[in-house]
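# Test case, fold it:
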Amino acid sequence: MSRPRSRPPLDPRLLRYSPTARTYIGVGVLLAVVEAVAIIVSAGMVSAIAAELITEPGRRSIGDQGVHLVMLTFALIVRVAMTFGQERYAHRAAAKTIAELRARVLDTLTDPTRHTPRGLVGLRERATTVVLRGLDGVGPYLSGYVPALIVSAVVTPVVVIVIGFVDWPSALIILITLPLIPVFMILVGLMTRDRTERKLATMTKLSSQLLDLISGLPTLRALNRAQAPAGRVAELGAAHKRSTMSSLRVAFLSGAVLELIATLCVALVAVGIGLRLVNGSMELYAGLFALILAPEAYLPLRRVGAQFHNSEDGLTAVGEVFDLIGRPGTDLHPTGSHRTISVAGEQIRLLDVGVHGRDGWAPYQLSTVVDPGAVTVFTGPNGAGKSTALATVMGLVAPDDGSVLVGSVSVAELEPEAFHEQLAWLPQHPVIVPGTVADNLALFGALDPDALQRACVATGFDQVLAQLPDGTHTVLGAGGVGLSAGQRQRLALTRVLAAPAPLLLLDEPTAHLDATAETTVLAALRERARAGDTVLVVAHRHLARDFADRVVYFPEVVGVG
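Residues are numbered from 1 along each chain as shown. Modelled structure (predicted):
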């Protein structure tokens, strides 16, 4: 989704979506006002002390300058306190704002009324990068750039106005030269923005490859293909390094340029004040007061410039976050008829099914029949669309072309809950929730004890239970912590084989099993098919094809359309 090339330094949507950000801005303005008063008071006291020490020899004792010194000390303490308070509060508010935005994005992405499973797959790379890495850039933006922006919006105008009352020529010079800093900020920022967007794009690609590699590593290792993606990940890592270093070079350049411009501008003010002091057309107190305040007029903008790189990272991430939050919802079942049908004994037909993914069509124009009472195996190269075809049968993915029929009814027309109650699904990465083994076996409903015992014997999970300290009462952690990959696979297989559902859908069911266990499981699946159930398996191994009644081969990804 493209964003406009020009954007405000503070996205108004940030205030709308984050209550903490609204409070943060209000507190920041209040602290900036107090800091501006402290700056003016301290400058006035320093000027008064210096002027009296030079022009009035009789007022050079500490007692004579006592009031000025007390007020100067108090003003400096207040200024330090305001700076410390701004930084401390800024970091806390930034962390809380990031947490609110992250929660808002996750709530949006997990809202079943807004996104289909396939839509989430399409957003996965971008959302993962934004939520896990991109939002990290919002921290420096909120804790560095935004406070500098608030101070510049409050302190700079106040200081210029005060200088104008004391010495209007100096104020005029500041007003003329002050726009130079934003102009150069914009020029440098044009380069910074492009490099920041390139850095985010390369980070997205790198994160996607790493997530795919990590999530599929057990399966790739089982198939002896774990080294294949390593070269691509290395290339993306090098590209990310180049884009990051390019952004840092521009950031360092912008800081040096803005420091030089601000120094030259203050020098112009100082030259004008010096000439008028020499001519006697200006009082020493006024000259010192204007000279001390002049750098304070440029300092906030210099801070903004120094934080400009952070602003680009933060604004880019914030824009991505709000794009994700503001994406329109998707009707998951556009036909809306919500019909019910008994799956038992019904053919499943895939008619010219095509799903367009990031690498092309996978699958493309798939036409096949899955018969009840038979084992059908989908096989083919990685990424050919086998798992996606399985998802179209379940109605989790709507085909871009073609349709899937159960009997004579399209899957898109079926009432999802009633349909899903009649199927048992084993995904490539089985779901294991925190709880006991018994809780996970009954995750999708109570199982018949006899059927559960037969399934345990078929999958070898009875041997696993014998090794566990508390049997079915053994507590597992998130993702199946406490079990090996093979044991988790056996648990999930047992759950599916014991289910009374007439439709079994299994994605790489034997990826983590040895040859003996694989043969036993495939034999159990064939027995379910001979009993009249419909069994659809996605598999790479040749042994699964030996047990199949029908083998459907998927060709390579088709990059058309």
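# Skipping adjacent residues, who's closest to residue 153 in space?
Excluding the flanking residues, the one nearest residue 153 by Cβ to Cβ, 6 or more residues apart in numbering is residue 32, at 7.7 Å. (Glycine included, C-beta is placed from N, CA and C.)
# hmm, I was thinking of residue 108
That would be residue 325: by Cβ to Cβ, 6+ apart, it lies 5.1 Å from residue 108.
# in terms of contact, does that neighbour touch residue 104 like I think?
Yes: at 5.8 Å, residue 325 counts as touching residue 104 under the criterion of Cβ atoms under 8 Å.
# any common contacting residues for the two?
Residues within reach of residue 325 and of residue 104 at once, by Cβ atoms under 8 Å, 6 or more residues apart in numbering, are residue 17.
# Centre of the chain to the strand or helix carrying residue 490, how far?
Here residue 490 sits within helix 485-498, counting by DSSP states H and E. Put simply, helix 485-498 sits 33 Å off its chain's centre (Cα atoms, centre = their mean, to the nearest Å).
# gap between stretch 278-294 and the chain center?
53 Å.
# ignore the last one, stretch 506-516
That offset, for stretch 506-516, works out to 34 Å (Cα atoms, centre = their mean).
# What mean pLDDT does that stretch get?
Stretch 506-516 carries an average pLDDT of 84.
# and that stretch, which residues are buried?
Judged by neighbour count using 16 or more other Cβ atoms under 10 Å, the buried positions of stretch 506-516 are 506-513.
# do the same with stretch 435-453
Buried residues in stretch 435-453, counting neighbours by 16+ other Cβ under 10 Å, are found at 437, 440-444, 447, 452.
# Okay, now the unreliable bits of the stretch 151-300 of the chain?
For the stretch 151-300 of the chain, the stretches flagged by pLDDT under 70 are 185-233, 236, 239-240, 243-244, 246-255.
# where exactly do the helices run in it?
168-177, 180-222, 230-279, 284-306 (DSSP state H, counting those that start in this stretch).
# ok, back up a step: spit out the contact partners of the residue nearest to residue 108.
Per Cβ under 8 Å, 6+ apart, neighbours of residue 325: 17, 104-105, 108.
# Let me know the average pLDDT across the one helix or strand residue 80 maps to.
Under the criterion of DSSP H and E, residue 80 resides in helix 66-109. Taken as a whole, helix 66-109 has an average pLDDT of 85.
# mind listing what residue 374 touches?
Contacts for residue 374 (Cβ under 8 Å, 6+ apart) come out as 529, 534-535, 549-550.
# From these, which land in strands?
534-535, 550 (DSSP state E).
# Which among those count as buried?
534-535.
# Return the member of the ones in strands among the contacts of residue 374 nearest to residue 376.
If you rank the ones in strands among the contacts of residue 374 by distance to residue 376 using Cβ to Cβ, residue 550 comes first, at 4.7 Å.
# If I look at that closest one, what pLDDT would I see?
Per the predicted model, pLDDT is 90 at residue 550.
# Return the residues in contact with it.
Residue 550 makes contact with 368-371, 374-377, according to Cβ under 8 Å, 6+ apart.
# for it, which residues make a bridge with it?
residue 376 (DSSP bridges).
# re the thing from before, what two of the buried residues of stretch 506-516 are the furthest from one another?
Going by Cβ to Cβ, the pair spanning the buried residues of stretch 506-516 furthest: 507 and 513, at 14.1 Å.
# picking up where we left off before, so the residue nearest to residue 153, which state does it fall into?
Secondary structure of residue 32, reduced to three states by DSSP: H, G, I helix; E, B strand; the rest coil: helix.
# where's residue 14 relative to residue 144, distance?
Distance, residue 14 to residue 144, using Cβ to Cβ, to the nearest Å: 15 Å.
# Ok, residue 178 next?
Separation of residue 178 from residue 144 (Cβ to Cβ) stands at 21 Å.
# Which one's more surrounded, those two?
Shown here are residue 178 and residue 144; by other Cβ atoms under 10 Å, residue 144 has more neighbours (23 against 16).
# Leaving out the residues flanking it, which one is nearest to that one?
Counting by Cβ to Cβ, 6+ apart, the residue nearest residue 144 is residue 307, at 4.5 Å.
# Can you tell me which residue sits nearest the middle of the chain?
With distances taken as Cα atoms, centre = their mean, residue 131 lies nearest the centre of the chain, 1.8 Å away.
# ok, that residue - contacts?
Residue 131 is in contact with 102, 105-106, counting by Cβ under 8 Å, 6+ apart.
# that's a helix at it, yeah?
Yes: counting by three-state DSSP, residue 131 falls inside a helix.
# Return the distance of the residue lying closest to residue 302 once chain neighbours are set aside relative to residue 237.
Nearest non-adjacent residue to residue 302, counting by Cβ to Cβ, 6+ apart: residue 262, 4.9 Å away. To residue 237, residue 262 is 38 Å away according to Cβ to Cβ.
# And for residue 478?
29 Å.
# and residue 262 and residue 237? which has more neighbours close in?
Remark: of residue 262 and residue 237, residue 262 carries more neighbours, 21 against 14, as counted by other Cβ under 10 Å.
# May I see the buried residues of stretch 455-474?
So, applying 16+ other Cβ under 10 Å, buried residues of stretch 455-474: 455-456, 458-461, 464-465, 474.
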